[in-house]
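Undergrad: below are the sequence and a predicted model; questions follow.
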Amino acid sequence: MAFLVGGSICVIGQIINNLFLQGGLSIKDAAAATSSFLIFLGAFFTGLGYYDELGKVAGAGSIVPITGFANSIVSSALEFKSDGYISGVGARIFNIAGPILVYGTLVSILVGLVYYFAR
Amino acid sequence: MAEKKIGRQTLQFSSTPIITSWASVVGPMEEKGALGDKFDLVLTDNLAGEKTWEKAEQKMMQYSIELALEKQSLLPKDLDFYLAGDLLNQIICANFTARALNTPFIGLYGACSTLAEGLCMAGLILDGGFAERIGVSASSHHDSAEKQYRTPTELGDQRPMTAQWTVTGSASYLVEKTGNGIMLTHATIGRIIDLGSSNAQNLGEAMAPAAMDTIKTHFEDLGRSEKDYDLIVTGDLGLLGHSILKELLKEKGISSDNFNDCGIMIYNPDQDTHMGGSGCGCSAVVLAAHLIERLQSGQYQRILFIGTGALLSPLSTFQGETIPCIAHAVVLESK
């Protein structure tokens, strides 16, 4: 199921990407626009309450794509909205995504260093 | 020499306090469960017209104690003491309910064993001659508990198969020195048992040894066996915890035929809760809506009700601590 759902999200992403390319965007711009659009979809369906239902059956299939990243941020924002916009949403929006950002950045620095010296 | 203490941990109430009134309030998910039509009040949704889940949970607790009082045509001022607890940080639902009742208040925290703990304490206070009438409440709310202990409810992750579903529900009881109702004859105060389990998504496994310890001690203290009870019911071990308890009982040569668990009783198997219900509300509403009715109808003469609590916090889990567990038991008899 993870394979099917994850694959489907990627296919949707590819279709969106092709449409942006046809619309006249450069390859780089189309990639950025596609990511933004998928993030919007992930956030939108989290807001409607469907993404957690999808996650229940799809597991990693809906966590790994960028839509899952959007879900982790928006679900935290929704959860802590009741605690106010500063101490709730503002402070805790990265509750789930925070570690991914911190260690993603750290690993990218390490990989960058390895690349620099091994080149 | 403690006159009313028998053996290591069991208390005998010589004046026999009576549970005279009880009321349960639950959420929509619990209404769809196996005991759906037996609750006094069902919330329309998990927010119950409030802005936050925490406020909804507090409202639920207040409804339940007001209903229990109303059934006896009483007012909050008729209570000598109010004992209550919940799962939220600093037991805010209980505190705010006590604020509304304006009654002398003792806050309790025993995680999911809170109701059993409250009944033990009510028995002690009444038998000590310090009160005529005491209110006891316990509550939990699925969403407020998930928010505090786990991940956001809209997060698209998978709950492990060992997880249990926190019950949205609150029940309240009036325990009195005299009256008609269910007799509270004994209580066994549990000790902390921690066998080193640290998986916060598998509390049944962690709590089963604590339940076992209290049951064994209770039997030893009173010289009783499982045959002396029509039902021996644990609070929220769930399917896995219950089967572990059965194994432990078997090792000690105790038959588990008349054992059950409120976490298993509350939901239907098709409700996708995995191992069943949990939370303070679980045992509280199952006792009020189902078990006590059976005691009153005479279907059960005597039951042993064991509240099971996993005394962890999100902080202790982050710091790698294992889970201290407790189980308190009370003996309830039909009059």
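TA: Nice, I can see it. Numbers count the residues shown, from 1 in each chain, chains lettered A, B, ... in the order given.
Undergrad: interface residues of chain B facing chain A?
TA: B:51-54, B:147, B:151-159 (CB under 8 Å from any CB of the partner chain). (C-beta placed from N, C-alpha, C; glycine too.)
Undergrad: elements contacting the least confident helix or strand in chain B by mean pLDDT?
TA: Of the helices and strands making up chain B, the lowest-confidence element is helix B:314-318, at a mean of 93, by mean pLDDT, DSSP states H and E. Judged by 3 or more CB pairs under 8 Å, 6 or more residues apart in numbering or on different chains; DSSP states H and E, helix B:314-318 is in contact with no other helix or strand.
Undergrad: pLDDT averaged over the helix or strand just after that helix - what is it?
TA: Using DSSP states H and E, the helix or strand that follows helix B:314-318 towards the C-terminus is strand B:325-334. Averaging pLDDT along strand B:325-334 gives 98.
Undergrad: list the helices and strands strand B:325-334 packs on?
TA: On a contact count with 3+ CB pairs under 8 Å, 6+ apart, strand B:325-334 meets helix B:114-127, strand B:182-188, helix B:203-222, helix B:292-297, strand B:302-310.
Undergrad: spell out which residues of chain A are next to chain B.
TA: A:46, A:49, A:51-52, A:54-56, A:58-59, A:62-63, A:68, A:71-72, A:74-76, A:78-80, A:82, A:95-96.
Undergrad: please redo it, this time with the cut-off set to 6 Å
TA: For chain A, the residues in contact with chain B (CB under 6 Å from any CB of the partner chain) are A:46, A:51-52, A:54-55, A:59, A:62, A:71, A:75-76, A:78-79, A:82.
Undergrad: tell me which residue in chain B sits closest to chain A.
TA: Relative to chain A, the nearest point of chain B is residue B:156 (2.4 Å; CB to the nearest CB).
Undergrad: which pLDDT does the model give that residue?
TA: Looking at residue B:156, its pLDDT is 91.
Undergrad: tally up the residues packed near it, please.
TA: 27 (other CB atoms under 10 Å in any protein chain shown).
Undergrad: helix, strand or coil for it?
TA: State at residue B:156, reduced to three classes by DSSP: H, G, I helix; E, B strand; the rest coil: coil.
Undergrad: for the nearest residue to it once chain neighbours are set aside, give me phi and psi.
TA: With sequence-adjacent residues excluded and distances taken as CB to CB, 6 or more residues apart in numbering or on different chains, residue B:156 is closest to residue A:55, at 2.4 Å. The phi/psi pair for residue A:55 (degrees, to the nearest 10) reads phi -60, psi -30.
Undergrad: got JSON lines for the residues of chain A next to chain B, with pLDDT and neighbour count too?
TA: JSON lines is the format used below for these (pLDDT from 0 to 100; neighbours: other CB atoms under 10 Å in any protein chain shown):
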{"residue": "A:46", "pLDDT": "96", "neighbour count": "28"}
{"residue": "A:51", "pLDDT": "96", "neighbour count": "27"}
{"residue": "A:52", "pLDDT": "94", "neighbour count": "20"}
{"residue": "A:54", "pLDDT": "95", "neighbour count": "20"}
{"residue": "A:55", "pLDDT": "95", "neighbour count": "23"}
{"residue": "A:59", "pLDDT": "92", "neighbour count": "17"}
{"residue": "A:62", "pLDDT": "93", "neighbour count": "28"}
{"residue": "A:71", "pLDDT": "96", "neighbour count": "30"}
{"residue": "A:75", "pLDDT": "96", "neighbour count": "27"}
{"residue": "A:76", "pLDDT": "96", "neighbour count": "24"}
{"residue": "A:78", "pLDDT": "96", "neighbour count": "18"}
{"residue": "A:79", "pLDDT": "95", "neighbour count": "24"}
{"residue": "A:82", "pLDDT": "94", "neighbour count": "17"}
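Undergrad: farthest pair within those?
TA: The most widely separated members of the residues of chain A next to chain B are A:59 and A:82, with 28.3 Å between them, by CB to CB.
Undergrad: pick out the most distant pair among the residues of chain B next to chain A.
TA: Within the residues of chain B next to chain A, B:51 and B:158 form the most distant pair, 29.5 Å apart (CB to CB).
Undergrad: of those two, which one has the most company?
TA: Neighbour count, other CB under 10 Å: between residue B:51 and residue B:158, residue B:158 has more, with 16 against 10.
Undergrad: who touches the more buried one in this structure?
TA: Counting by CB atoms under 6 Å, 6 or more residues apart in numbering or on different chains, residue B:158 touches residue A:59.
Undergrad: the residue nearest to residue B:156 against residue A:65, yeah?
TA: No. Using CB atoms under 6 Å, residue A:55 is not in contact with residue A:65; the gap is 11.3 Å.
Undergrad: which residue ranges form the helices in chain A?
TA: For chain A, the helices defined by DSSP state H cover A:2-22, A:27-47, A:51-58, A:60-63, A:66-80, A:91-92, A:97-118.
Undergrad: pull the distance from the longest one to the chain's centre.
TA: The gap between where helix A:97-118 is centred and where its chain is centred comes out at 18 Å by CA atoms, centre = their mean, to the nearest Å.
Undergrad: tilt between it and helix A:66-80?
TA: With axes from the mean of the first three to the mean of the last three CA atoms, to 10 degrees defining the directions, helix A:97-118 sits at 140 degrees from helix A:66-80.
Undergrad: C-alpha coordinates for helix A:97-118, CSV please?
TA: Only the C-alpha atoms of helix A:97-118 are listed here, as CSV (Å, rounded to 0.1, in the frame of the first residue of the first chain):
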residue,chain,number,x,y,z
ALA,A,97,9.2,18.7,11.4
GLY,A,98,11.8,20.5,13.6
PRO,A,99,14.1,17.4,14.0
ILE,A,100,13.9,16.7,10.3
LEU,A,101,15.0,20.2,9.5
VAL,A,102,17.8,20.3,12.0
TYR,A,103,19.3,16.9,11.1
GLY,A,104,18.5,17.3,7.4
THR,A,105,20.6,20.5,7.4
LEU,A,106,23.3,18.9,9.5
VAL,A,107,23.6,16.0,7.1
SER,A,108,23.6,18.2,4.1
ILE,A,109,26.6,20.1,5.5
LEU,A,110,28.5,16.9,6.2
VAL,A,111,27.8,15.6,2.7
GLY,A,112,28.8,19.0,1.3
LEU,A,113,32.1,18.8,3.2
VAL,A,114,32.8,15.2,2.0
TYR,A,115,32.0,16.3,-1.5
TYR,A,116,34.4,19.3,-1.2
PHE,A,117,37.3,17.3,0.0
ALA,A,118,36.8,14.2,-2.1
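Undergrad: now do that helix: everything it contacts.
TA: A:72-73.
Undergrad: now do the buried residues in it.
TA: residue A:97 (16 or more other CB atoms under 10 Å in any protein chain shown).
Undergrad: quick check: mean pLDDT of it?
TA: Averaged across helix A:97-118, pLDDT comes to 96.
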